[in-house]
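A.B. asks: how would this look folded up:
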Amino acid sequence: MSNQGNTLAGTASPLMPTPGTPAGGAQAPAIATAPANADIIMTVLSILHIPIVESNATRTKELTDANWSTWKGSMKCIFGLCDLSEYVLGNVICPDPTHNPVGAKNWDFNDSYAAMLICENISASQKVYVGQDNKSYEVWRNLEAIHEVTGNTTIITWIRMLFKCTADEGDDIKEHLNNLKMIWERINLHPFSSTYHHHLPRDLVGSRPLSLRVPL
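C.D. replies: Next comes the predicted model:
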């Protein structure tokens, strides 16, 4: 009877183990559980302050209206050297400054560093395209929008030249073929060349005199 009274009063009975305790009286081992926001914590902690690279390796020939392809390749190497490629591509999300102010501050510094590298390697005439206070991926995207479209127009110009480069009976075929080769090489060097390759073989056939044409 006294044992029942102890149980009702909230005192553990010596004859009954407390919940979660084995019959022998030993305390049950604690089960470790990960916090609900474990993934968020890991993501936030990955935003580290990237040190500035003090080297001439972060400089290349400035971007102009005529050197987008080579400049773009050089800048990708610079971004890789400085560990900033993912920022420029927009793949690194800024942490919520409310939950992780240090991570957000590091992100702002790293992104500003990437934007600065772009601005330091473009000519004054190109700065009009980057805007003010833009994130690095926005600056990069703006430059791509301007120069990739311009590049597409350029390759169309070369293809039009290819269409117009024809030879008549009696023309110097060797010179004609050299001209075709020069235009073809220009097209092949262009980043948009794969878009047009399926049209070109028959265009080349049509450029030669009828006596020299061989069906493809």
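
A.B. asks: Show me which positions of stretch 91-100 end up buried.
C.D. replies: 92, 94-95, 100 (16 or more other C-beta atoms under 10 Å). Placement of C-beta: from N, CA and C, glycine included.

A.B. asks: What count of nearby residues applies to N188?
C.D. replies: The tally of other residues near N188 (other C-beta atoms under 10 Å) stands at 11.

A.B. asks: now I159
C.D. replies: Neighbours of I159 using other C-beta under 10 Å come to 19.

A.B. asks: And it, what's its pLDDT?
C.D. replies: The model reports I159 with a pLDDT of 74.

A.B. asks: now T60
C.D. replies: For T60, pLDDT reads 95.

A.B. asks: likewise W68?
C.D. replies: 91.

A.B. asks: swap in H147?
C.D. replies: 83.

A.B. asks: same thing with E144?
C.D. replies: Looking at E144, its pLDDT stands at 87.

A.B. asks: Please tell me how far it sits from D171.
C.D. replies: 42 Å (C-beta to C-beta, to the nearest Å).

A.B. asks: Repeat that for H147.
C.D. replies: From H147 to D171 the distance is 37 Å (C-beta to C-beta).

A.B. asks: higher neighbour count, the two?
C.D. replies: Each of H147 and D171 has its neighbours counted (other C-beta under 10 Å); H147 has more, 22 against 12.

A.B. asks: Surely that one forms part of a helix?
C.D. replies: Yes. Counting by DSSP: H, G, I helix; E, B strand; the rest coil, H147 is part of a helix.

A.B. asks: and of the buried residues of stretch 91-100, the nearest to G131?
C.D. replies: Set against G131, the nearest of the buried residues of stretch 91-100 by C-beta to C-beta is C94 (18.2 Å).

A.B. asks: Now for the closest one: which residues touch it?
C.D. replies: The contact partners of C94, taken as C-beta atoms under 8 Å, 6 or more residues apart in numbering, are 47, 104, 107-108, 111.

A.B. asks: Tell me which residues of stretch 145-165 come out buried.
C.D. replies: For stretch 145-165, a neighbour-count test (16+ other C-beta under 10 Å) marks 146-147, 151, 154-155, 158-159, 162, 165 as buried.

A.B. asks: what do you get for stretch 172-180?
C.D. replies: Across stretch 172-180, burial judged by 16+ other C-beta under 10 Å covers 176, 179-180.

A.B. asks: now those as a markdown table including secondary structure, distance to G80 and pLDDT?
C.D. replies: Below are these laid out as a markdown table (DSSP: H, G, I helix; E, B strand; the rest coil; distance: C-beta to C-beta, whole Å; pLDDT from 0 to 100):
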| residue | secondary structure | distance to G80 | pLDDT |
| --- | --- | --- | --- |
| H176 | helix | 44 | 78 |
| N179 | helix | 39 | 78 |
| L180 | helix | 38 | 79 |
